[in-house]
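Visitor: Provided below are the primary sequence and the corresponding predicted coordinates.
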Amino acid sequence: MDIIETKVDTKSDEYKKNYEAMEALVSDLKKELKKAREERPQKTIDRLAAQGKLMIRKKLDMLLDKNTPFLEIAPLAAKGMYDGNVHSAGNVVGIGIVEGREVIVSGSDATIKGGAVYPMGVKKTLRCQTIAMENHLPMITFVDSAGAYLPLQSEVFPDVDDGGRVFYNQAIASKMGIPQITAVMGLCTAGAAYFPAMSDDVVHVKGTGAIFLGGPPLVLAATGEEVTAEQLGGAMVHCTESGVSDYFAEDEAHAITIVRNIVKMLPKKEKTKLTMTDVKPPLYDSKELYGIVSRDLRVPYDCREVIARLVDGSEFLEFKELYGQTLVCGFAHIHGYPVGILGNNGILFSNSALKATQFIQLCDKRGIPLLFLQNINGFIIGSQYEKLGITKDGHKMVNAVSTCTVPKFTVIVGASFGAGNYGMCGRAYSPRFLWMWPNAQIGVMGGEQAADVLVTLRNDQNAKAGLPPLTPEEVDFIRKPIVDTARSEMNAYHSTANLWDDGILDPAETRDVLGLAISASLNAPLRHDVFGYGIYRM
């Protein structure tokens, strides 16, 4: 393997300015993460303690094996939405280790609106289930929820990607043989009562856990019967009479112990084996990424410098180095795992798209996971390139990305615009995981470009109508709202709030996150039975 020799001058003014800009973005990110994890009204914390309940992150500490990593998914989901206080969309999701086994955990945060389910909370639960099914990870769920947030029920209930899909996914996951373990630690009402009912194992906490289709107020209104939550659906009812629940827990700590014991008793499964190498750290400091990535997305940088700080020993076997040079492809290892890497070094031309297609096929045939490093404005446009076949060549790349079967991982390290997002395995192309760096932007096109297009269209309309071109003042009037909207809707925080990604990463932590994600993906077998591609337009 060749070692990437860095050409970065860490003493240059440009490097230092880039470093300072990224350092500021990372500092802001850490503040936002701390706020999402810790900012709760004291009275809510006190009320939870008075009920004998634990904070959700304390529960996770007790569940997960000591001194093991936890890969949190979408910690800033729903940021800025609703009243601005529905942190993490009201639930905590992540991949961790329980009894030496990788699992995905989801837990209601009862300090946020009593654990009420908001629309983005549903979307996050669906994402959790997708991760479990794609990677064959056992699912552990801690339920303490007041049910759907009724003022937004129309966004929670009826559609294909709303609440009902959660139970559909449970049925599919059960058919796939994916263990589902639910601990009922609080209310589990209405349709949500089906969540534990459709799980493999149900642990029920005495005194606080309650499962029922209709709560005491509804029962009173509908039937005239007066009954408490414990009498209606408490642990004793469901463990001794209905049979809905399987394990009786005295308190939450006891419930967590039972959950760990259930995981311990699960049949052991061999993970997919790849051709591993000894783990070697990169030759260069990962924090140098701060100075390598330009503070201005319009300024290019060599993606090999990024690769050199992610891969083992900074070793990289580049594929077709002299062909299609706006896309860098090659083989490397991350934490000992083999990966095929595709990184943008400019706009995608026909030759770079064809290069990508061949490289993806090679990795798919060899069972090598794929890593996409997105910094892309799209495919080349213009009459010359249309005549050369950019549309059909781009289609080949999109086809290969769509139909390859090895695990795919995407990190948006800069721009992610237009069809370039598709070709480089954006969210719609089912990467196992997708993350953004805090400087990243995503959209149909950049704000400046979008504004220029609208100004051009307006001038074209004026010309056809026999009117003069727009004045500078009129141009500014059109451009400003477009650029302002782009800044607010194309940034990494808007993306992560809407769950277009699995979180915003400190660039210096990217290598370790990728190592955890690749490891988790190997719980699922490689699909050797479905090799093949669709029609390639020649």
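Guide: Cool, the structure landed.
Visitor: doesn't P469 lie inside a strand?
Guide: No - counting by DSSP: H, G, I helix; E, B strand; the rest coil, one finds P469 to be coil, located in no strand.
Visitor: any idea how far it lies from I376?
Guide: When CB to CB, to the nearest Å is applied, the distance between P469 and I376 equals 32 Å. Bear in mind the C-beta positions are built from the backbone N, C-alpha and C, glycine included.
Visitor: repeat for I3
Guide: I3 is 26 Å from I376, by CB to CB.
Visitor: the more surrounded of those two?
Guide: Each of I3 and I376 had its neighbours counted (other CB atoms under 10 Å), and the higher figure belongs to I376 (29 against 11).
Visitor: name the nearest residue to that one, ignoring sequence neighbours.
Guide: Taking CB to CB, 6 or more residues apart in numbering as the measure, I376 lies nearest to G420, with 3.4 Å between them; neighbours along the chain are not counted.
Visitor: try D302
Guide: N345 (6.4 Å).
Visitor: how about I73?
Guide: Across the structure, with CB to CB, 6+ apart as the measure, the residue nearest I73 apart from its sequence neighbours is V93 (4.5 Å).
Visitor: packing partners of the helix or strand containing the one you found?
Guide: When elements are defined using DSSP states H and E, V93 is found to belong to strand 91-98. Taking 3 or more CB pairs under 8 Å, 6 or more residues apart in numbering; DSSP states H and E as contact, the helices and strands that strand 91-98 lies on are helix 56-63, strand 71-73, strand 101-108, helix 119-135, helix 252-265, helix 510-521.
Visitor: out of these, nearest to L322?
Guide: Set against L322 and scored by CB to CB, the helices and strands packed on strand 91-98 come closest in helix 510-521, at 27.7 Å.
Visitor: okay, the closest one in PDB with CA atoms only?
Guide: Output in PDB follows, covering the C-alpha atoms of helix 510-521 (Å, rounded to 0.1, in the frame of the first residue of the first chain):
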ATOM      1  CA  THR A 510     -14.800  10.700  12.200                       C
ATOM      2  CA  ARG A 511     -12.300   7.800  12.000                       C
ATOM      3  CA  ASP A 512     -13.400   6.300  15.300                       C
ATOM      4  CA  VAL A 513     -17.100   6.700  14.500                       C
ATOM      5  CA  LEU A 514     -16.600   4.900  11.200                       C
ATOM      6  CA  GLY A 515     -14.800   2.100  13.000                       C
ATOM      7  CA  LEU A 516     -17.800   1.600  15.300                       C
ATOM      8  CA  ALA A 517     -20.300   1.800  12.400                       C
ATOM      9  CA  ILE A 518     -18.400  -0.700  10.300                       C
ATOM     10  CA  SER A 519     -18.200  -3.100  13.200                       C
ATOM     11  CA  ALA A 520     -22.000  -2.800  13.800                       C
ATOM     12  CA  SER A 521     -22.700  -3.400  10.200                       C
END
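Visitor: contacts for it next, please.
Guide: Taking contacts as CB atoms under 8 Å, 6 or more residues apart in numbering, the residues outside helix 510-521 that touch it are 69, 71, 95, 102, 134-135, 137, 282, 286, 289, 309-311, 334-335, 337, 339, 369, 371, 407, 409, 411, 432-433, 435, 437, 505.
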